[in-house]
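Novice: could you look at this predicted model? Sequence included:
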Amino acid sequence: MGSPPADIALIGGTGFYRFLDDADEVDVETPYGSPSAKVSLASLDGVRVAFLPRHGADHRFLPSEVPYAANLWALRSLGARRVIAFNTVGSLQPEIRRGDFVFCDQFVDRTYGRQVSAYSGRDGAHVSLAEPYCPTLRPALYDAVAGLPYRFHPAGTVVVIEGPRFSTRAESLWFTQMGWGVVNMTQFPEVAIARELELCYANLSYVTDYDVAAKEIVGEEGEAVSHAMVVREFSLNSETIVEVVRTLVAAAPPTDDCSCRTALENARFAR
C-alpha cells in the first residue's frame, strides 16, 4: 500500500539536504527523467510533507544541471500542489543583512542554456509570470513568521545567474546599482516551471553572504563569497532555519482557488 499523498512540498537548497525524520523515501520516475534524489515523505506537526533536496542528497547537481522539471513533476505526482522552495542567497543591498530571510516576489533571469520549460512544440505554454511567486501563498507565509525573533523581508527581487561561478565584482556592483535585492543560481527556471505545472510556489531565501561587493554594500571589507562560506553560514544557523520552515509548513493556507491553479488557461495555441 502506498504512502498517503503529500499536502505540501519543500525543496531544499545548498546545505539543506535532509529535513524529515522517520521518512519514507520514494523513487519517482517522471516524463523528464529522475528527480535530484528520492523524495522523503513524512508527517510534520500533522501535515503530510514531501521533501526533495534540489542539488541531490550529496550535492551532485550544479545549478545548470538540476532536473527542475523532474523535481517539480515528482512532487506534484505525490499530491503536493503547494511548494515552499528554500534558497541560500547573497545580499546586494545594505538593508538586507547576513542572516536575514527574504520572501522573493520578482526575479531577473541572467541564465543561459538551461531547459526553461516543462513543455515544447505544440504542447508549449506561454504562462504569465508578471507575478512569478504565488500571490496567495507568499504573503500568508510572511504573516506567519511575524512573531519569530528573526529579520524577514516581505518582498525582494532576486537576480538569477548561471553559475557555477560566483559574480565578478563588476557584475555584483551592477546588480546592486540596478536595485536588485539578492543573487542566486537556482530560482530560475524552477519558479517558471512550477507555474507551468499549476503549482502554488513560494520562495524563502536565506542570506549567507554579501556576494563579492561587501564594501560597496555594507561599507566594510568582507570575506569573498565561496561555496564553503555558504555551507558554513547555513550550518551555523540550521536550527533557526528548521524552526522557520516548520512554522511555514504549519501556517501554509489552502490555495485551491488560487490563480496559479489555472495558469495554463489561455496559455496555449488554440487547436
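Specialist: Great, that's in hand.

Novice: what secondary structure does Val108 sit in?
Specialist: strand (DSSP: H, G, I helix; E, B strand; the rest coil).

Novice: quick test: name the residue nearest the centre of this structure.
Specialist: Ala85 (3.3 Å; C-alpha atoms, centre = their mean).

Novice: the longest helix in this structure is where?
Specialist: Looking across the chain with DSSP state H, the single longest helix is helix 238-251.

Novice: and it, what does it pack against?
Specialist: If you count contacts as 3 or more C-beta pairs under 8 Å, 6 or more residues apart in numbering; DSSP states H and E, helix 238-251 packs onto strand 8-12, strand 39-44, strand 47-53, strand 82-91, helix 137-144, strand 200-209. C-beta here means a position set from N, CA and C on the backbone, and glycine is covered the same way.

Novice: distance to Pro154 for those - can I get that in JSON lines?
Specialist: Formatted as JSON lines, the helices and strands packed on helix 238-251 follow (distance: least, C-beta to C-beta, whole Å):
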{"stretch": "strand 8-12", "distance to Pro154": "20"}
{"stretch": "strand 39-44", "distance to Pro154": "24"}
{"stretch": "strand 47-53", "distance to Pro154": "23"}
{"stretch": "strand 82-91", "distance to Pro154": "15"}
{"stretch": "helix 137-144", "distance to Pro154": "5"}
{"stretch": "strand 200-209", "distance to Pro154": "12"}
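
Novice: verify the stated contact: Ile8 with Ala252.
Specialist: Yes. The criterion here is C-beta atoms under 8 Å, and Ile8 meets it with Ala252 at 5.6 Å.

Novice: what do these two both touch?
Specialist: Common neighbours of Ile8 and Ala252 are listed as 47, 82, 84 (criterion: C-beta atoms under 8 Å, 6 or more residues apart in numbering).

Novice: ok, those vs Ala118, which is closest?
Specialist: Lowest distance from Ala118 to the shared contacts of Ile8 and Ala252 (C-beta to C-beta) belongs to Arg82, with 17.8 Å.

Novice: still on that earlier bit, narrow the shared contacts of Ile8 and Ala252 to those that are buried.
Specialist: The neighbour-count test (16 or more other C-beta atoms under 10 Å) marks 82, 84 as buried among the shared contacts of Ile8 and Ala252.

Novice: quick one: least confident of the shared contacts of Ile8 and Ala252?
Specialist: The weakest per-residue confidence within these falls on Val47 (92).

Novice: any idea where the helices of the protein begin and end?
Specialist: Going by DSSP H, the chain shows helices at 68-77, 137-144, 169-177, 187-196, 214-218, 227-236, 238-251.

Novice: now do Gly181 against Gln187, distance only.
Specialist: From Gly181 across to Gln187, the span is 12 Å (C-beta to C-beta, to the nearest Å).

Novice: hmm, back to that, lowest mean pLDDT across the helices and strands packed on helix 238-251, which one is that?
Specialist: Among the helices and strands packed on helix 238-251, strand 39-44 carries the lowest mean pLDDT (a mean of 91).

Novice: just checking, what packs against it?
Specialist: Right, strand 39-44 is packed against strand 24-26, strand 47-53, helix 238-251 by 3+ C-beta pairs under 8 Å, 6+ apart.

Novice: again, only this time at 7 Å
Specialist: strand 24-26, strand 47-53 (3 or more C-beta pairs under 7 Å, 6 or more residues apart in numbering; DSSP states H and E).

Novice: looking at the ones you listed, which is buried most?
Specialist: Stretch with highest mean neighbour count among these: strand 47-53 (a mean of 24; mean count of other C-beta atoms under 10 Å).

Novice: relative orientation of that one and strand 39-44 in degrees?
Specialist: Using axes from the mean of the first three to the mean of the last three C-alpha atoms, to 10 degrees, the inter-axis angle of strand 47-53 relative to strand 39-44 is 150 degrees.
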